[in-house]
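Asker: Attaching a predicted model along with its sequence, questions to come.
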Amino acid sequence: MSAGLFALLDDVAAIAKLAAASIDDIGAAAARAGTKAVGVVIDDTAVTPRYVQGFTPDRELPIIKRIALGSIRNKIVFILPAIMLLSQFLPAALTPLLMLGGAYLCYEGAEKVYEALSGSHHASDEETAATLGSADHEKQMVSGAIRTDFILSAEIMVISLNEVASEPFVSRLLILVIVALLITALVYGLVGLIVKMDDIGLKLAARGGPSANFGRALVRGMPRVMGALAVIGTAAMLWVGGHIVLDGVSKLGWDAPLHLLHQLEHAAAHALPALGGFVTWLVDTLGSALVGLLVGGLIVAVMHLIPKRSAAH
């Protein structure tokens, strides 16, 4: 009886260890999958603060909370079932789907470059900011933010799925749920912190003493932080989008572009052996971003320039 009990306890301990190892594996896989979506995460973090501009400080965090809940709904209720069904019954569709998403990232990045060079920024943003505040307008802004999030969330989930496509169905499902929850918490937690930085700075400045200078510096520095974040987000979109396109065309049979990029990486690493992995990463990043800019630039031309010329004739 005692031996049987000890044997049962040993079995339970073994199962517990196995379960713990599985949880560790799923957590590690979720971390790897989420890392690949960094470009979209940065862009999501850079885009979302626009939706709370012009609202009173007491409405900023509630609005971000509503957008975050909508983002979780996008990922878990709509996107996750669709991509899980695809990965289970039509896995060959994942590469073209991922490439479409990569092309969209390239387009978004290239369009921002085009707007910066041409000066065609959306002038309506400042005009709209002055009219914010009503419940109806808040509802419209939240709905718009959730629609934008749907596209970015789809990118995050498909990129993450591509990293764990070889895992069993249940593991894939758990990994993607973890990625969805953690990335949503990360993005909207950062957004909440960013939009409240001005208020934090003002409160520190009002207190006086040593913290006042820091508070004033924080208020003055936030516009620069937002500007830098927008630039980083654009660069990340071009880099990630270009790499997705390169990897996709290679998997579909045309590996010459990716092979050329790898040759350039090896040549750079050989020329500068002291810098090693950094040079390899830099060449890969710049090469992928260039491809992203070319692909996105073609789409921008089709979407903006060609219709304008047609209208002129």
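Answerer: Received the coordinates, thanks.

Asker: From now on I want contacts and neighbour counts done on CA atoms only, so please keep to that.
Answerer: OK.

Asker: Which residue ranges of the stretch 51-200 of the chain form helices?
Answerer: Under the criterion DSSP state H, counting those that start in this stretch, the stretch 51-200 of the chain contains helices at 57-73, 80-89, 94-118, 124-129, 135-163, 169-207.

Asker: which ones are touching Gly292?
Answerer: Ala103, Cys106, Ala110, Met237, Leu238, Trp239, Val240, Gly241, Gly242, His243, Val245 (CA atoms under 8 Å, 6 or more residues apart in numbering).

Asker: which SSE is it in?
Answerer: helix 277-300 (DSSP states H and E).

Asker: So which bits of that helix are buried?
Answerer: Using 16 or more other CA atoms under 10 Å as the test for burial, helix 277-300 gives 279-280, 283-297, 299-300.

Asker: thinking again about what came up before, so which of the helices of the stretch 51-200 of the chain is nearest Arg220?
Answerer: Nearest of the helices of the stretch 51-200 of the chain to Arg220, taken as CA to CA: helix 169-207 at 8.6 Å.

Asker: What angle do helix 135-163 and whichever helix or strand comes after that closest one make with each other?
Answerer: Per DSSP H and E, the first helix or strand lying C-terminal to helix 169-207 is helix 210-251. Interaxial angle of helix 210-251 relative to helix 135-163 (axes from the mean of the first three to the mean of the last three CA atoms, to 10 degrees): 50 degrees.

Asker: which helices and strands sit right next to helix 210-251?
Answerer: Judged by 3 or more CA pairs under 8 Å, 6 or more residues apart in numbering; DSSP states H and E, helix 210-251 is in contact with helix 38-47, helix 94-118, helix 169-207, helix 256-271, helix 277-300.

Asker: returning to what we had before: now render the helices of the stretch 51-200 of the chain as TSV, adding mean pLDDT and distance to Ala267.
Answerer: Below are the helices of the stretch 51-200 of the chain laid out as TSV (pLDDT from 0 to 100; distance: least, CA to CA, whole Å):
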stretch	mean pLDDT	distance to Ala267
helix 57-73	90	43
helix 80-89	91	37
helix 94-118	87	26
helix 124-129	45	46
helix 135-163	82	28
helix 169-207	87	36
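
Asker: Ok, which of the ones you listed comes nearest Leu272?
Answerer: Using CA to CA, the nearest of these to Leu272 is helix 94-118, at 29.9 Å.

Asker: List the buried residues in that closest one.
Answerer: Taking 16+ other CA under 10 Å as the criterion, helix 94-118 shows 94-95, 97-114 as buried.
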